[in-house]
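task: produce atomic coordinates for the following.
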Amino acid sequence: MLTAILGKKLGMTQVFDENGRLVPVTVIQASPMTVTQKKSEKTDGYEAVQVGFESVKENRLNKPKLGHLKKNGIKPLKYIRELPAAAIDDLEVGQEIKAEDVLTEGDTVAVTGTSKGKGFAGAVKRWHFHGADMTHGSMIHRKPQSGGATDAARTFKGVKRPGRMGGETVTVRRLKVFRVDSERNLVLIKGAVPGATGGLVVIRKMKKGD
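The predicted structure follows:
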């Protein structure tokens, strides 16, 4: 079966555990996924499962994606992603997979999402530089100062400078599944996960040693 699921981040809240302690959790909408394609070692050189998530109108998809889904008799789906699978023999194209089929309470997971985009940011905000003196007479304050050697007449790669911040793929590891609500298709995960509200996330079960 699959070892990961797709979901949509709904936001954060807090719940009580069995000991009455308050636990901050992130709520993930994990509607049933549909298997859209099986990739095997023989045909593709590796094993994986392609799944679709969240129903959408036909006119919201481009023709290649729509044709790919129609070819397999699957309704239009907004997101199509490949997920790792322990075995693909027991999966069929068109099969629906729910969160409870993959995750259980107490599982250790890694959550991948796209971090919030913050636009162009300076070195203090982007790289946490402490800045210079904020006293009278100082003309530096939050400037990044030297950009490196003057001999090279260029800025070296990897130098911490102002630039676009956020909007990157981020993975948070070793989070715990607090609860799986099968009736409402919700997954509650202890702590915060990357991304803005409404963003797509991938929740992957972690193995020992990961």
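
all contacts plus neighbour counts: C-alpha atoms, from now on.
Fine.

which residues sit against the lowest-mean-pLDDT helix or strand in the chain?
When the helices and strands of the chain are compared on mean pLDDT, DSSP states H and E, helix 41-44 comes out lowest with a mean of 86. Counting by CA atoms under 8 Å, 6 or more residues apart in numbering, helix 41-44 makes contact with Glu47, all of which sit outside it.

and the helix or strand following it, how far out from the chain middle?
For helix 41-44, the following helix or strand on the C-terminal side (DSSP states H and E) is strand 48-55. Centroid separation for strand 48-55 versus its chain: 15 Å, with CA atoms, centre = their mean, to the nearest Å.

would you mark the buried spots in strand 48-55?
Residues of strand 48-55 classed as buried: Ala48, Val49, Gln50, Val51, Gly52, Phe53, Glu54 (neighbour count, 16 or more other CA atoms under 10 Å).

stretch 18-38 too?
Residues 24-38 are the ones in stretch 18-38 that count as buried (16+ other CA under 10 Å).

just stretch 163-183 next, same as before
Met165, Gly166, Val170, Thr171, Arg173, Leu175, Lys176, Val177, Phe178, Arg179, Val180.

need those residues in a markdown table (columns: distance to Asp107 and secondary structure).
Formatted as a markdown table, these follow (distance: CA to CA, whole Å; DSSP: H, G, I helix; E, B strand; the rest coil):
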| residue | distance to Asp107 | secondary structure |
| --- | --- | --- |
| Met165 | 32 | strand |
| Gly166 | 28 | coil |
| Val170 | 20 | strand |
| Thr171 | 16 | strand |
| Arg173 | 12 | strand |
| Leu175 | 8 | strand |
| Lys176 | 6 | strand |
| Val177 | 5 | strand |
| Phe178 | 8 | strand |
| Arg179 | 10 | strand |
| Val180 | 10 | strand |
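
and which of those residues is nearest to Gly122?
Met165 (9.0 Å; CA to CA).

the closest one contacts Gly117, doesn't it?
Yes. At 6.3 Å, Met165 counts as touching Gly117 under the criterion of CA atoms under 8 Å.

show me the domain layout of the chain.
According to automatic domain parsing, the chain comprises the domains 4-118+174-205, 121-165.

average pLDDT for the shortest one, rounded please.
To tie it back to what came earlier, the one meant is domain 121-165. The average pLDDT within domain 121-165 is 88.

for Leu77, give its distance to Val187.
Distance of Leu77 to Val187, computed by CA to CA, to the nearest Å: 21 Å.

higher neighbour count, the two?
Each of Leu77 and Val187 had its neighbours counted (other CA atoms under 10 Å), and the higher figure belongs to Val187 (28 against 22).
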